[in-house]
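Student: whatever this is, show me its structure:
(chains A, B and C)
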Amino acid sequence: MDVLAFLVIVAVIVAIATVLSAPLRNRKVDARDARGDRLDELEARKQAKYGEIRDAEMDFKTGKLSQADHTLLDRQLRAEAMEILRAIDREG
Amino acid sequence: MQPARKRKIRLVVALSAAVLLAIALVYTSINASSESVSPSQLATAKAGVSYQLTGKVQDGSVHATSDGVNFRVRDRNGTASVPVTYTGTVPDPFKVGREVIVTVRKEGSTFVGERDSLVTKCPSKFTEDATQNQKS
Amino acid sequence: MAIVGRALLILALVVAVYGIFASIFGARRNRPDWVVSGRRAVYTVAALATAAFAILEVAFLTSDFSYATVASHSSTTTPLFYRAAAAWSSQEGSLMLWLWLLSMWSSLVLFLTRKQLRIVAPYATAVLLGFAAFFGSLLVFFNTPFGVLSQPPAEGVGLNPLLRHPSMMIHPPMLYSGYTLFAVPFAFAIGALITRQVGAADWIRSTRRFALGAWFFLGIGILLGARWSYTELGWGGYWAWDPVENASLLPWLTGTAFIHSIMIQEKRGMLKIWNVSLVLATGILAILGTFLVRSGILDSIHAFGGSTLGVPFVTLIAVMIAGSIGLVVWRREALRSENRLDSLLSREAVFLANNLVLVAMAFVVFWGTFWPLIAEALTGDRRSLAAPWFDRYTVPLALVLVLLSGIGPVIAWRKATASNARRNFLAPAALAIVLGLGLAAAGVASRPLALIMFVVGAFVIVSVGQEFWRGIAVRRALTGEWPPAALVSLVARNRRRYGGYLVHVGMALLFIGVAASTAFNDRHEVSLSAGQSAKVGDYSFKYLRATSSISKSKDGSLEKITLGSVMSVSRGRKVVATLRPTRGYYPTDDPTLGPVSRYFDGNATSEVGLKAGLRRDLWAAMTPDLDALQPQIDRGDQVFGATAGKLTPMVEAQLLGVALRGLAAGYLKNPPPATFLLITSPLVTWIWLGAIVVFLGGLIAMWPGDRDAVRRRVKARYAARVAQDLGRVPRGAQTVAATGSVAPDAGS
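Tutor: Predicted coordinates for the structure are as follows:
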């Protein structure tokens, strides 16, 4: 039993070492650059802004905003969204 | 600079509300809390003041009454003990030797427990002797 | 196997420590290979913890008493279901559960974000592994679950009968899932602070669902605890402001504040300092909760004294607090707000108010919980606060909170139109006030706070209902669906919004239940003989007859003796319920007690008789008068004491069985009076129903699904571009956009 336990433990250690060192031995990991991160961030901002536009529309349709207020807000939000799209194009 | 002033006012209002809450908390907690004591500290108890008594139920001291229980509480590590007359719900785990918390008031030579204030500590799963266990 | 389990834990600790260094090294030197290796360390820890936990569970299920923890927390007479749960009823087992859940949740979040958050994730990995290393070292150095006994006993001590309740199986895993899930946003917030990414939207997006999950699980855990207290502890309440209860409520309160205010940051880039402080505080409170349960520093109904873990935990908490404050101050320039609040009449403003109330509530609970320590430090006297003190503050705060939960959904983001808002409030406010007047006329005005809660709760339900109604109308105008289908598609398309609204309805129901059951319950404690009855409120409880039974476990040994009663409850002449409260006596191995007393002086637990109803719960617990049985018990002790050693164990066990059956039969024939606690309490069921609605709403808000929609949209966009480049729109372009597949003739 003790020998068996010992063998099991050794096997586990070998497995761990293999798993942890694999990325170091084989350096073909997905090397993303800083640009990719900025794009991710801009994408997240874009989604958040689109969410805001949809929310504003929902708020309008469910009677929380007057037509005038909604038009104003929508225009402003869309301008902000376009700003983000421009930034994405600059990166892309 | 209208918006800036407005913001400042809002901040002041919020802060003063927080300060008021804090003062109220301190004030009421001093007044509403009862002193936690062990039986030996009750030797100097004043009549009419309520104390939160903690200790263990003394062996052979428990007598059920029609609407509660009479027992003695002793120091956790010691022999000093005081008699308690308690009316109200007796909790499930109440037993000789268990730790209890009960709010009491001195009346004559005995201590009268406040109704439904008796708490028996569930024997912990996390105590060292590990012979008994309790929920988290 | 114990040695293997122990080795697995040591390896988990080593891997965790390695992973911390690999992640930080990878991040600082910009070496993605090291970062990947660090992330794999998290998966590895999860695998090791899973294996170790499995070994422990197998030991419990097979009652392997060579494990010290199995011998002291389980027994062969413990039912199988509870043997599995007994694993985490011990200190070491619960730490093991903590480590396992932490490693699983950490793996999940890091796996989901493996392609994103390149900057923040390595530090978050290091923080998560830091927690894993902390709990790993507790398990390795202080409190191992794999301690073995050189001489295993034939029988274990058994699981405390009070814990033999179905919710024990899920209550601790839910609580711990909540605690450990809060570690995820905490870790990412630390990472974001270190890398100056606090303002970034993507780490919030990626961890928001985890914060929601933590809130969800912790909430379920708290609620199951309340339910256990109501049905198992024999006092008839569900919440007592006990320090251990408060400890779990604290992170839940700040977590609730966080999942609201983080939306403002996500949308507007505001409140960064506030949000990051909230999420850090929540993480710290979660660890504090774990610690309080073990420390014994506060007097609680749960006497968790005498633990050796005080010093490591206090150290960890001190490091977390100092580190958090230091980081926030150090990175304050990255925490500037990008925008200002547009209007006080906006959802942002309502969220802000809700945040202030929640934080004030958390502060009150914190203060009350720790007052004994504060008072001792200030005056030298240890003083403590009782439930009325907590109620004085939390009740008004809860009223405001519920009111806000009805206002928020009706007000637009950014800046609502004032006239619209007025119009939207008209119907809910009018209906709530009419209801209030009606209730006042019916006599509810005697309890003004409860009355206000009913009015406010009704306001919330109507105002949120109105929101759903309007949303359905919008969908119907768009698609012409029939109302139920419109409701489903409305919710499916706006999960966060309508899931959240549903949570508000559930909370309103829950608070109505709390208000009604605290203000209008009747309780009566009385001693009754068979045939007698007692009046509680409008109901009459009659003790019909006594019951008794002896339960054996599978191997024939005695599990417990149950003495109980059958009661009929009637209102007027009509019998409305039959209750069967019982009290179970579990044997103890205490050798100082006589062989028969041993069966009565061990642990005892009440099974309450409960008839739950939508309108009213009828609740009864009983305590038989054992004094009347005492002479018989004493006689049994004498007889068996005299024959000790003269009989074979077999024969002795048989004779004992006969004696106990005799006792039980005697109790039936001639039952002594028993003490009953009888309660009638209105709307308690609303609490549990409200909670179910809350969790349903939470589930909807958390449910993943955006991913598929995004993929479909992207595919449809490419399809549209192909069509555009080809100069014509394919047949059935609508279906192309909807299914995302290119029509077969598109290229011909």
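Student: in the sheet, who's paired with C:G564?
Tutor: Using DSSP bridges, the beta-bridge partners of C:G564 come out as C:T547, C:T582.
Student: tell me the spacing between it and chain A.
Tutor: Distance from C:G564 to chain A, counting by Cβ to the nearest Cβ, to the nearest Å: 48 Å. Bear in mind the C-beta positions are built from the backbone N, C-alpha and C, glycine included.
Student: pLDDT score assigned to residue 34?
Tutor: Picked chain A for this. Note on A:A34: pLDDT of 68.
Student: not what I meant, chain C
Tutor: Note for C:W34: predicted pLDDT of 93.
Student: flag every buried residue along the helix or strand bottoming out on mean pLDDT in chain A.
Tutor: In chain A, no helix or strand scores lower on mean pLDDT, DSSP states H and E than helix A:34-61, which sits at a mean of 85. By 16 or more other Cβ atoms under 10 Å in any protein chain shown, the buried positions in helix A:34-61 come out as A:37, A:39-49, A:51-52, A:55-61.
Student: spatially speaking, which residue is in the middle of chain B?
Tutor: Residue closest to the average C-alpha location in chain B (Cα atoms, centre = their mean): B:Q52, at 4.3 Å.
Student: please report phi then psi for whatever residue of the stretch 151-300 of chain C ends up closest to chain B.
Tutor: Nearest residue of the stretch 151-300 of chain C to chain B: C:G234, at 4.3 Å (Cβ to the nearest Cβ). Per-residue torsions, C:G234: phi 70, psi 20 (degrees, to the nearest 10).
Student: low pLDDT regions in the stretch 301-450 of chain C?
Tutor: Scanning the stretch 301-450 of chain C for pLDDT under 70 picks out C:301-308.
Student: where exactly do the strands run in it?
Tutor: For the stretch 301-450 of chain C, strands defined by DSSP state E, counting those that start in this stretch occupy the ranges C:302-303, C:383-384.
Student: which bits of the stretch 151-300 of chain C sit near chain A?
Tutor: The stretch 151-300 of chain C comes close to chain A at residues C:200-202, C:205, C:266-267, as judged by Cβ under 8 Å from any Cβ of the partner chain.
Student: tell me where the model's unsure across chain B.
Tutor: By pLDDT under 70, the weakly predicted segments of chain B are B:1-3, B:66-67, B:92-93, B:121-136.
Student: now the helices for it?
Tutor: Along chain B, counting by DSSP state H, helices occupy B:2-32.
Student: just give the closest residue to residue 55, not the sequence neighbours.
Tutor: Answering for chain A, as no chain was given. Spatial nearest neighbour of A:D55, chain neighbours left out: C:W413 (5.4 Å); criterion: Cβ to Cβ, 6 or more residues apart in numbering or on different chains.
Student: oops, chain B please
Tutor: B:V73 (4.1 Å).
Student: which residues does the one you found bridge with?
Tutor: Note on B:V73: beta-bridge partners B:V57, B:V82, judged by DSSP bridges.
Student: burial check on it, number of neighbours?
Tutor: Each residue near B:V73 was counted by other Cβ atoms under 10 Å in any protein chain shown, and the total is 27.
Student: so it makes contact with B:Q41?
Tutor: No. Counting by Cβ atoms under 8 Å, B:V73 does not reach B:Q41; the two are 11.6 Å apart.
Student: returning to that earlier point: could you look up the SS state of the residue lying closest to the residue of the stretch 151-300 of chain C closest to chain B once chain neighbours are set aside?
Tutor: Closest residue in space to C:G234, ignoring its immediate chain neighbours: C:S606 at 3.7 Å, by Cβ to Cβ, 6+ apart. State at C:S606, reduced to three classes by DSSP: H, G, I helix; E, B strand; the rest coil: strand.
Student: I'd say C:S606 and C:M622 touch.
Tutor: Yes. Here C:S606 reaches C:M622: they are 7.2 Å apart, a contact under Cβ under 8 Å.
Student: low pLDDT regions in chain C?
Tutor: Residue ranges of chain C with pLDDT under 70: C:295-308, C:554-556, C:705-713, C:728-748.
Student: can you give me the strands in it?
Tutor: In chain C, the strands defined using DSSP state E lie at C:302-303, C:383-384, C:522-528, C:533-536, C:539-552, C:558-571, C:574-579, C:582-585, C:604-607, C:609-611, C:616-624, C:674-682.
Student: turn those strands into JSON lines, including distance to C:F60 and mean neighbour count.
Tutor: Below are the strands of chain C laid out as JSON lines (distance: least, Cβ to Cβ, whole Å; neighbours: other Cβ atoms under 10 Å in any protein chain shown):
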{"stretch": "strand C:302-303", "distance to C:F60": "22", "mean neighbour count": "23"}
{"stretch": "strand C:383-384", "distance to C:F60": "37", "mean neighbour count": "22"}
{"stretch": "strand C:522-528", "distance to C:F60": "39", "mean neighbour count": "18"}
{"stretch": "strand C:533-536", "distance to C:F60": "42", "mean neighbour count": "17"}
{"stretch": "strand C:539-552", "distance to C:F60": "21", "mean neighbour count": "17"}
{"stretch": "strand C:558-571", "distance to C:F60": "17", "mean neighbour count": "20"}
{"stretch": "strand C:574-579", "distance to C:F60": "34", "mean neighbour count": "15"}
{"stretch": "strand C:582-585", "distance to C:F60": "22", "mean neighbour count": "21"}
{"stretch": "strand C:604-607", "distance to C:F60": "21", "mean neighbour count": "22"}
{"stretch": "strand C:609-611", "distance to C:F60": "30", "mean neighbour count": "19"}
{"stretch": "strand C:616-624", "distance to C:F60": "30", "mean neighbour count": "24"}
{"stretch": "strand C:674-682", "distance to C:F60": "34", "mean neighbour count": "23"}
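Student: dump those to a markdown table, plus distance to C:P484.
Tutor: A markdown table is the format used below for the strands of chain C (distance: least, Cβ to Cβ, whole Å):
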| stretch | distance to C:P484 |
| --- | --- |
| strand C:302-303 | 46 |
| strand C:383-384 | 53 |
| strand C:522-528 | 41 |
| strand C:533-536 | 43 |
| strand C:539-552 | 40 |
| strand C:558-571 | 38 |
| strand C:574-579 | 35 |
| strand C:582-585 | 45 |
| strand C:604-607 | 41 |
| strand C:609-611 | 33 |
| strand C:616-624 | 32 |
| strand C:674-682 | 32 |
